[in-house]
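Student: Curious how this folds, go ahead:
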Amino acid sequence: MKFSSFAIAGAVLATTSVHGFSTPAKFGVRQYTQLNMATAIDADTKTALATAANEARGLAMDSIAAAHSGHMGLPLGCGEIGAVLYGSQMTYNPKDPQWINRDRFILSAGHGSMFLYSWLNLAGFDLPMEEVKNFRQHHSMTPGHPEFPSSEHNTPGIECTTGPLGQGVSNAVGMAASEKMAAAVYNTEDHKIFDHHIFALAGDGCFQEGVSAESACFAAHEKLDNLIVLYDANEVTLDKMAEYTQSEDILKRYEAYGWEVYEIDGHDIDAVEETIAAAKASNNGKPKFIKCNTIIGKGMEETEGTNAAHGEAGVPYVDKAKLNIGLPEGESWYVSEGTRDFFGDVQKKNGATYDDWQATFSAWKEANPELASQLQDAIEDKTASAEEMISSIPQQGADAEATRVSGYKIIQEISSLVPHYVSGSADLHGSTRNYIDNGGNFGAGFDKSYAGKNLYFGIREHAMGSIMNGFAFHGLFKISGSTFLVFVDYFRATCRVASLSELNRVSYILTHDSIGVGEDGPTHQPVETVSGLRVIPNLDVYRPGDAEETVAAMVSSVTRQEGPTALIFSRQNLDQNNDVDFMARREGALKGGYVAKKETADLDLIILATGSEVQHALKAAADMPGARVVSMPCMEAFERQSDEYKEEVLPSSVTKRVAMEAGVTGLWYKYASKVIGVDEFGFSAPGDIVMKEKGMTPENLKAEIESM
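Tutor: The predicted structure is shown next:
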């Protein structure tokens, strides 16, 4: 083994039953205080866990060797951690993988996915050995990185999509917050139906990514003591040994955040067992951080302890390594009868816990029928249809009004119609206007409670996006989060994961949508941002042009089933298109595009616009009898309509078309031959002046049409 010389800190344990652990001599570092274990697992269980750990290593080695692709380091280095989690400390039921009170496990270091697939197979989930053998193959249940169940495939036991480092531990914070919220909303004095823990396993890469720091601060501040993060501290990153790029004391960092921290030998089953048990039992308002000192690629002498162990460099040595850890020669994907029997007993133990919970749940439902109905709707993500919802929201009847203000009014209606809808902001509630009145504030201390519907994320946009995904992965609440549109780039990676994972429970409220922001200048004036969101597959991007279109946009965001929605709202006031019936505007906006002004003579021109530019299009076309104005608040929704509807709105026979949006022009050329837009950054001045200078006026639009 090749380890850099550094002193591993003494264990920091905040419970009375566990005082700390000594660092084993095999790490070649100084011994610290020998610590007494208050309890220990029996010898037979310990042997079974150790055997399962090595057999899980064997499954990982065989699958990665067969694929000639994958990451071997973590599955080999974390065998004992997996054994304790799935064989002892986690509560789950593989026969009901969606059980709402199961413990959740997130493999934040998603590249080590064979760790997860091996343990899901051993633990009895419906992941057949043939699928384990098909690792990284087309249409398999075992993709290169874990993927949340979607329309593409379903791998039971995968709790979230991971791969981009730092996301998983931050998703875990969202799950922990969601569990706290569920417990506060649904538990009663007589019946406790939510009391599970969230576990995440992460490596150096996750903790070097800044999003993990943002989310860790949020978790500590809101006292999410149901969260347990295990750090695979193997001293290795991909390019170099970890000491080449990091020298911090991570335990002191997390302790400073407000976490309870521990340090153990990650290969000592007693230590892993005792520490996780202590972390679960410690309900002291602190999330738990367990530094597990491990050997990357453990058992493969040629690569273990080096950065070469990270990937598939060990494939040539698989047969020898399997012999070294006691697996039978010549057998691939070997699982002993003893291990199957052991996990059969684990299933019986967890099954008894599950049955007891079901009895409690039945009694709770009988005692709380209305709450039970609300919970079932939340589990199923059941809402009224979009058509029913737009019919039930009163006509807005607004004069000139910013769509962020319209959004504030409508979010009150949404919260009433969808009780499991919550919202939050990255320190901008006063500007983004998405605060739910009388919803209470989420968290610990001050005026907050875990039942609150308004989340204060602080100035942590990236963490906000990841935490929102965690809420969605947890599977109980719908959640929206807000900031200025220009800052969506801080959490764009989370929007991509939400879209990939089809997280329809997530929506983004992004205000101050254009150069109309004005005085704050080009740092705060998005021009490329809306189009940048539109190119993300499976993300609906709504930029409504008035209050009634905003109703449709927000309704779509909570009724859509296929993925997330970005709601793009203005800072400045917009005219209302009251010449068109309010319900027609809502229905048209739900379809993504509709005729906002019909021609009064032979149709010879189509003007397309969206958001704040719809008002300019209507004014420019006012004295053009042959002009039609099409409002297109959502390109993605429009593209899903029938060919007949699209032809009705945009007749192919009419080729004289112009589009207008206060943003980059590229995407509009799909619909128009001429585009009036903003293909350069703005400048600091009052918003109306910036708009005029950049050509975003009805006068300029009319002049451009006349020049065609």
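
Student: From here on, just use CA atoms for contacts and neighbour counts.
Tutor: OK.

Student: So which residues of the stretch 551-700 of the chain form strands?
Tutor: Taking DSSP state E, counting those that start in this stretch as the test, the strands found in the stretch 551-700 of the chain are 565-568, 594-597, 605-609, 627-631, 657-660, 674-676.

Student: Make CSV from these and add distance to residue 400, mean neighbour count and mean pLDDT to it.
Tutor: Shown next, in CSV, are these (distance: least, CA to CA, whole Å; neighbours: other CA atoms under 10 Å; pLDDT from 0 to 100):
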stretch, distance to residue 400, mean neighbour count, mean pLDDT
strand 565-568, 17, 28, 98
strand 594-597, 17, 24, 98
strand 605-609, 18, 27, 98
strand 627-631, 17, 27, 98
strand 657-660, 20, 26, 98
strand 674-676, 23, 21, 98
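
Student: Make TSV out of the ones you listed and add distance to residue 292.
Tutor: Below are the strands of the stretch 551-700 of the chain laid out as TSV (distance: least, CA to CA, whole Å):
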stretch	distance to residue 292
strand 565-568	39
strand 594-597	58
strand 605-609	56
strand 627-631	56
strand 657-660	56
strand 674-676	57
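
Student: For residue 272, list the residues it contacts.
Tutor: 80-81, 84, 264-266 (CA atoms under 8 Å, 6 or more residues apart in numbering).

Student: Heading C-terminal from the top helix by length along the chain, find the next helix or strand.
Tutor: Longest helix in the chain, counting residues (DSSP state H): helix 337-367. Next in sequence after helix 337-367, counting helices and strands by DSSP states H and E, comes helix 369-380.

Student: Give me the secondary structure label for the residue nearest in space to the middle of the chain.
Tutor: By CA atoms, centre = their mean, the chain has its centre lying nearest to residue 469, at 2.2 Å. Classification of residue 469 using DSSP: H, G, I helix; E, B strand; the rest coil returns helix.

Student: That one: what's it in contact with?
Tutor: Residues in contact with residue 469, defined by CA under 8 Å, 6+ apart, are 171, 174, 494, 498, 503, 506.

Student: Go again with 10 Å.
Tutor: Contacts for residue 469 (CA atoms under 10 Å, 6 or more residues apart in numbering) come out as 160-161, 167-168, 170-175, 463, 475, 478-480, 494-495, 497-498, 501, 503-507.

Student: Same question for residue 569.
Tutor: 402-407, 432, 484-485, 509-514, 542-546, 550, 611-612.

Student: These in helices, which ones?
Tutor: 403-407, 432, 550.

Student: okay, among the residues you listed, which ones form the most distant pair?
Tutor: 432 and 550 (14.0 Å; CA to CA).

Student: ok, back up a step: list only buried entries from the ones in helices among the contacts of residue 569.
Tutor: Among those, those scoring as buried are 403-407, 432, 550 (criterion: 16 or more other CA atoms under 10 Å).

Student: JSON lines for the residues you listed, including pLDDT and distance to residue 421?
Tutor: Output for these, formatted as JSON lines (pLDDT from 0 to 100; distance: CA to CA, whole Å):
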{"residue": "403", "pLDDT": "98", "distance to residue 421": "20"}
{"residue": "404", "pLDDT": "98", "distance to residue 421": "18"}
{"residue": "405", "pLDDT": "98", "distance to residue 421": "19"}
{"residue": "406", "pLDDT": "98", "distance to residue 421": "18"}
{"residue": "407", "pLDDT": "98", "distance to residue 421": "15"}
{"residue": "432", "pLDDT": "98", "distance to residue 421": "17"}
{"residue": "550", "pLDDT": "98", "distance to residue 421": "17"}
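
Student: Of those, which is the nearest to residue 44?
Tutor: Set against residue 44, the nearest of these by CA to CA is residue 432 (58.6 Å).

Student: Just the ones of the contacts of residue 469 in helices?
Tutor: Per DSSP H, the contacts of residue 469 map to helices at 167-168, 170-175, 463, 494-495, 497-498.

Student: any idea which of these is closest to residue 607?
Tutor: residue 495 (30.8 Å).

Student: and that closest one, what is it in contact with?
Tutor: So residue 495 contacts 462, 465-466, 468-469, 488-489, 501, 503, 506-508, 533, 536, 539, 564-566 (CA under 10 Å, 6+ apart).

Student: And residue 92, by the same measure?
Tutor: By CA under 10 Å, 6+ apart, the neighbours of residue 92 are 86, 98-105, 123, 157, 196, 346-347, 349-351, 353-354.

Student: So among those, which ones count as buried?
Tutor: If we count by 16+ other CA under 10 Å, those have these buried: 86, 98, 100-105, 123, 157, 196, 346-347, 350-351, 354.

Student: what about the stretch 301-450 of the chain, any weak spots by pLDDT?
Tutor: Scanning the stretch 301-450 of the chain for pLDDT under 70 picks out no residues.

Student: The same query, at a cut-off of 90, please.
Tutor: Along the stretch 301-450 of the chain, the model assigns pLDDT under 90 to residues 397-398.

Student: same deal with the stretch 101-250 of the chain?
Tutor: 152-153, 163, 238, 240-242.

Student: one step back: just the buried ones from the contacts of residue 272?
Tutor: 80-81, 84, 264-266.

Student: what are the ranges of the strands in the stretch 401-550 of the chain?
Tutor: Counting by DSSP E, counting those that start in this stretch, the strands of the stretch 401-550 of the chain are 421-425, 441-442, 448-449, 454-456, 478-484, 506-511, 540-542.

Student: Pipe those strands into a markdown table and attach mean neighbour count and distance to residue 282 per row.
Tutor: Below are these laid out as a markdown table (neighbours: other CA atoms under 10 Å; distance: least, CA to CA, whole Å):
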| stretch | mean neighbour count | distance to residue 282 |
| --- | --- | --- |
| strand 421-425 | 26 | 28 |
| strand 441-442 | 23 | 22 |
| strand 448-449 | 18 | 20 |
| strand 454-456 | 25 | 25 |
| strand 478-484 | 26 | 29 |
| strand 506-511 | 27 | 32 |
| strand 540-542 | 29 | 42 |
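
Student: Let's have these in a markdown table, adding distance to residue 235.
Tutor: Shown next, in a markdown table, are the strands of the stretch 401-550 of the chain (distance: least, CA to CA, whole Å):
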| stretch | distance to residue 235 |
| --- | --- |
| strand 421-425 | 37 |
| strand 441-442 | 37 |
| strand 448-449 | 40 |
| strand 454-456 | 35 |
| strand 478-484 | 36 |
| strand 506-511 | 36 |
| strand 540-542 | 42 |
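
Student: Ok, which of those strands comes nearest residue 146?
Tutor: Nearest of these (CA to CA): strand 506-511, 19.8 Å.

Student: Residue 225 - how many residues pack around it?
Tutor: Residues near residue 225, counting by other CA atoms under 10 Å, number 25.

Student: can you pull the contacts of the nearest residue to it once chain neighbours are set aside?
Tutor: Spatial nearest neighbour of residue 225, excluding adjacent residues (CA to CA, 6 or more residues apart in numbering): residue 287 at 4.1 Å. Contact analysis of residue 287 by CA under 10 Å, 6+ apart lists 173, 176, 216, 219-229, 254-255, 257-261, 279-280.

Student: So residue 290, which state does it fall into?
Tutor: Once three-state DSSP is applied, residue 290 turns out strand.

Student: How about it: which residues does it bridge to?
Tutor: On the basis of DSSP bridges, residue 290 is bridged to residue 230, residue 262.
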